[in-house]
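Engineer: Here's a sequence, model it:
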Amino acid sequence: MATPSEQLWDDFVKENNIEGKTFQTRWFGEQTNPAQVTKLANLILSEKKRSTTKPLAYYSAEQEAVPQVGDYFVLLNGDMKPVAVAETVVSELIPFLRISAEHAYNEGEGDLSLEDWRARTRTKFNDLMANYDHHFSEDDPVVSEAIKVVYRKD
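Structural biologist: This next block holds a predicted model:
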């Protein structure tokens with residue numbers, strides 16, 4: 001029997017005649033904070049959040065593949081239930097300080113300014129990378145990703 005994520009994926013590929021693609025499940029925010037995960041999932045579903053960023057060192061530490069253009073993922077909410085299928089439409093490796101105001105705006109959080117994004121993200125990345133005994137520097141490369149919802153559960 002298919003899991004709910006597999007069922008959503010199967011419905012998506014069947015309706016869109018997609019062959020030869022696979023998916024991952026993803027959520028945004030801390031899994032230990034379901035309210036935060038749901039809030040971010042809702043921002044993605046409302047298309048206010050269309051981009052995301054993570055330090056390249058995070059992917060290395062987790063031995064996780066860097067998202068590539070054309071990758072699909074099943075978006076999970078705070079209950080770890082699938083709510084949509086999204087696609088990576090841009091994936092760039094750039095220094096933290098080169099993130100554009102447009103990207104910061106498209107992250108859909110805070111006051112949408114680059115200054116606010118830098119302050120919040122610097123703190124978030126310092127905390128995140130401390131888990132891997134790595135000090136985050138503003139010169140560190142980050143993965144700048146743009147995403148779009150391509151299929152909704154409802």
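Engineer: what helix or strand does the spatially most central residue of the chain sit in?
Structural biologist: Among the residues of the chain, the one closest to the centroid is residue 52, at 5.0 Å (C-alpha atoms, centre = their mean). Under DSSP states H and E, the secondary-structure element containing residue 52 is strand 51-55.
Engineer: in this protein, which spans are helices?
Structural biologist: Remark: helices assigned in the chain by DSSP state H are 4-16, 34-45, 56-62, 101-106, 114-130.
Engineer: so which of these gets nearest residue 154?
Structural biologist: Residue 154 lies closest, by C-beta to C-beta, to one member of those: helix 34-45, at 9.1 Å. Using the backbone N, CA and C atoms, a C-beta is placed for each residue, glycine as well.
Engineer: can you pull the contacts of residue 99?
Structural biologist: Counting by C-beta atoms under 8 Å, 6 or more residues apart in numbering, residue 99 makes contact with 53, 114, 117, 118, 142, 144.
Engineer: Only the buried subset of these, as a PyMOL command please.
Structural biologist: Entered in PyMOL, the line below selects the buried ones among the contacts of residue 99, by 16 or more other C-beta atoms under 10 Å:
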select buried, resi 53+117+142+144
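Engineer: if we can go back for a sec, so what sits opposite the residue nearest to the centre of the chain in the bridge?
Structural biologist: residue 145 (DSSP bridges).
Engineer: Against residue 10, how distant is it?
Structural biologist: 25 Å (C-beta to C-beta, to the nearest Å).
Engineer: Next: residue 19.
Structural biologist: For residue 19 relative to residue 10 (C-beta to C-beta), the value is 12 Å.
Engineer: more crowded one of those two?
Structural biologist: residue 10 (11 against 6; other C-beta atoms under 10 Å).
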